[in-house]
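Peer 1: here's my sequence, what's the structure:
(one chain, ligands or ions: 1)
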Amino acid sequence: MNVALITGGSRGIGQAMVEEFVAAGYAVAFTYSSNVQAAEALEGAIAFKGGRAVGFQAEVRDFARAGEVIKAAQEQLGPITTLINNAGIKKDGPLMRMDPSAWQDVIDTNLTGTFNYSRALIGELVRRGGSIINVTSTSGVVGMAGQTNYSASKAGIIGFTRALAKEVVRFDVRVNAIAPGFIETDMTAGLDEAVRKKLYAQIPMGQPGSARDVAKLAVYLASEDAKYVTGQVWNMDGGLT
Ligand code: NAP
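Peer 2: Presented below is the predicted three-dimensional model:
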């Protein structure tokens with residue numbers, strides 16, 4: 001059975017990925033930060049449908065913990081062949097008022113978190129082949145006002161994806177990124193209505209995407225159908241970019 005590891009899988013896009021990978025026949029390990037209730041509910045719902053998903057509470061900024069999670073996940077589920085670096089946060093604000101901690105938290109979680117899990121698993125992936133999918137953002141592709149920290153972290157993920165793809169292509173490991181635009185999740189739920197309306201007006205399709213849309217693209221990228229695809233950034237943004 002194929003095994004996927006998804007960081008930040010308890011809610012939002014990561015949760016939809018857990019569900020879609022299980023539906024595609026994978027056993028899935030996922031991580032989360034603090035929301036034990038959401039993680040346990042997801043594990044239960046997957047088990048109820050006859051699938052296998054195991055959650056690990058793990059701070060994505062902690063490199064040593066990444067190694068522990070990978071080891072424990074493989075003991076329970078078997079060799080991981082697909083890694084999805086999805087865990088991410090935003091702490092928006094104009095640069096003029098940005099606290100250094102808001103810069104550091106976002107870079108450490110989004111970019112260093114992606115490094116941590118990739119670094120911890122890459123030795124095994126080059127031995128057996130596999131695929132890494134990194135979740136970046138429209139903000140990393142075109143830049144967004146009020147998101148210098150987030151845009152920088154996500155642009156960093158794009159550079160990381162392209163470089164690593166070239167580095168490991170000869171080992172039969174593919175590395176791609178997905179750049180979602182505006183997707184309805186907890187991350188975007190707090191926006192006030194006026195801002196939301198303004199954002200929708202900028203999207204050629206006039207509406208947000210769903211976590212499910214992003215998850216289905218990830219399943220494709222991990223699959224044999226995408227065996228000639230590496231080093232790419234897949235925009236999924238209703239035409240925004
Ligand atoms: P979300 O609903 O806020 O869920 C975030 C997930 O990441 C949760 O599972 C959370 O765990 C986990 N997480 C957060 N910080 C973590 C940490 N330090 N260590 C480990 N896990 C952590 O977010 P989302 O909207 O699904 O976003 C998922 C990814 O897509 C992110 O990388 C985000 O930047 C990207 N993205 C989102 C959008 C969008 O419009 N929503 C657009 C472009 C890109 P807990 O449940 O424990 O908190």
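
Peer 1: what lies in contact with the host helix or strand of Leu83?
Peer 2: Using DSSP states H and E, Leu83 sits in strand 82-85. Residues from elsewhere that reach strand 82-85 (CB atoms under 8 Å, 6 or more residues apart in numbering): 2-7, 14, 17, 21, 26, 113-114, 117-118, 121, 125, 130-135, 157, 218, 222. Backbone N, C-alpha and C define where each C-beta goes, glycine included.

Peer 1: among the residues you listed, which are in reach of the ligand?
Peer 2: Among the contacts of strand 82-85, the residues that sit close to the ligand (CB under 6 Å from any ligand atom) are 14, 135.

Peer 1: now do the same contact list for the residue minimising distance to the centre of the chain.
Peer 2: Centroid-nearest residue in the chain: Asn86, 1.6 Å away (criterion: CA atoms, centre = their mean). Contact analysis of Asn86 by CB under 8 Å, 6+ apart lists 6-9, 13-14, 17, 135.

Peer 1: out of those residues, who's nearest Gly78?
Peer 2: Ile6 (15.5 Å; CB to CB).

Peer 1: tell me which element the nearest residue to Asp92 once chain neighbours are set aside falls in.
Peer 2: Residue nearest to Asp92 in three dimensions, not counting chain neighbours: Gly146, with 4.9 Å by CB to CB, 6 or more residues apart in numbering. Under the criterion DSSP H and E, no helix or strand holds Gly146.

Peer 1: contacts only, for Gly146.
Peer 2: Contacts of Gly146 by CB under 8 Å, 6+ apart are 92-94.

Peer 1: am I right that Ala177 is in a helix?
Peer 2: No: applying DSSP: H, G, I helix; E, B strand; the rest coil, one finds Ala177 to be strand, outside a helix.

Peer 1: which residue of the chain lies farthest from its centroid?
Peer 2: When distances to the mean C-alpha position of the chain are computed (CA atoms, centre = their mean), the maximum falls on Met96, with 28.9 Å.

Peer 1: list the residues that contact Gly67.
Peer 2: If a contact means CB under 8 Å, 6+ apart, then Gly67 has Ala120 as its contacts.

Peer 1: oops, could you answer that again for Trp103 instead?
Peer 2: Counting by CB under 8 Å, 6+ apart, Trp103 touches 148-149.

Peer 1: any idea how far it is from the ligand?
Peer 2: Per CB to the nearest ligand atom, to the nearest Å, Trp103 is found 15 Å from the ligand.
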